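> sequence? don't have it. structure:
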């Protein structure tokens, strides 16, 4: 018998369906803060199964990631327009999940296999992927970022993997009074109808177990770059647009989604202070950044 659970992240609802005796139910601790107890009208639904997958479709997107240690997702489409996403933990590992999705991406069937960790990897990534794709036209961005909350606002630190987003957040936690971690890898950012830009915690926080169902207005977005000095610079609107674009998820080759994403990128770039922080991984970097974005002396 199948069991369904509902979750709400950044005010968007989705559902996960699995057999009642599926072992993965015991590994959903990250989702508990976002669980819904009652009825809902989910934006999308993912069903997980251990049944074997069948490869289908033609390549729709070529993975151009240069870092072979990063997760790999291959995208295929059938003649009828259905999607298939083939996932690996990195570019050297075998496929551990195949997500078959409907043409409108509202329903997905995730075929997962392997160890408990690879099964959970497949479920997590299926949910993250369909979340990003289904909310792209709803003023919502799934960001690759570490987020600190301080003085009632959220500050997103953006960078390529391994550059030091988490390190910079940890420096804030240690040296900037009143700082707390909202999310360390994949927060959600929404542009509301009134134009306000809000950051939300999510069940997806990378290697750091920070799964907080909280939100705060975005105070600034700061791109981290390694340098032998500490200096923060305000970005122009076009530069801010490019910075937000490069740290968001979505099928940026798919026309129907691109329009929604670009509209949201533009609204964020216009209304949110965006910076680049050239820095060392030291206390002074956190203080230089905080002095600018918090307006401290």
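Sure thing, it's come through. Keep in mind it's a predicted model, so treat the numbers as computed, not measured. Residues are numbered from 1 along each chain as shown.
> Which residue ranges of the stretch 151-297 of the chain form strands?
Taking DSSP state E, counting those that start in this stretch as the test, the strands found in the stretch 151-297 of the chain are 153-158, 180-183, 188-191, 197-200, 215-226, 231-234, 274-279.
> between these, which gets nearest to residue 108?
strand 188-191 (18.7 Å; C-beta to C-beta). No exception for glycine: its C-beta is placed from N, CA and C like everyone else's.
> okay, the strands of the stretch 151-297 of the chain in CSV with distance to residue 294, mean pLDDT and mean neighbour count next?
Listed next are these as CSV, based on distance: least, C-beta to C-beta, whole Å; pLDDT from 0 to 100; neighbours: other C-beta atoms under 10 Å:
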stretch, distance to residue 294, mean pLDDT, mean neighbour count
strand 153-158, 8, 97, 24
strand 180-183, 14, 98, 22
strand 188-191, 19, 97, 23
strand 197-200, 16, 98, 22
strand 215-226, 8, 97, 21
strand 231-234, 12, 97, 14
strand 274-279, 12, 97, 22
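> Using CSV, lay out these together with distance to residue 261.
Putting the strands of the stretch 151-297 of the chain into CSV (distance: least, C-beta to C-beta, whole Å) gives the following:
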stretch, distance to residue 261
strand 153-158, 16
strand 180-183, 20
strand 188-191, 11
strand 197-200, 15
strand 215-226, 16
strand 231-234, 24
strand 274-279, 17
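> Nearest to residue 114 among the ones you listed would be which one?
Nearest of these (C-beta to C-beta): strand 180-183, 26.6 Å.
> Quick one: mean pLDDT over stretch 32-48.
Here stretch 32-48 scores 91 as its mean pLDDT.
> next one: it to chain centre, how far?
18 Å (C-alpha atoms, centre = their mean, to the nearest Å).
> I would like the residues contacting it, please.
With contacts defined as C-beta atoms under 8 Å, 6 or more residues apart in numbering, stretch 32-48 is touched by 2, 4-9, 12-18, 22, 24, 99, 105-110, 112, 119, 122-123, 126-127, 130-131, 134-135, 138, 201-203, 211-213.
> same thing but at 7 Å, please
5-9, 12-18, 22, 24, 105-110, 112, 123, 126-127, 130, 134-135, 203, 211-213 (C-beta atoms under 7 Å, 6 or more residues apart in numbering).
> Kindly report the same for stretch 181-195.
The contact list for stretch 181-195, computed with C-beta under 7 Å, 6+ apart, reads 9-10, 128, 139-149, 154, 156, 166, 169, 173, 197-202, 204-206, 208, 210, 212, 214, 218, 264, 267-268, 271.
> Please convert the buried members of the residues you listed into ChimeraX selection syntax.
ChimeraX command restricting the contacts of stretch 181-195 to the buried ones, with burial defined by 16 or more other C-beta atoms under 10 Å:
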select :9,10,128,139,140,141,142,143,144,145,146,147,148,149,154,156,166,169,197,198,199,200,201,202,204,205,210,212,218,264,267,268
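> Okay, and which of the contacts of stretch 181-195 map to helices?
128, 166, 169, 173, 264, 267-268, 271 (DSSP state H).
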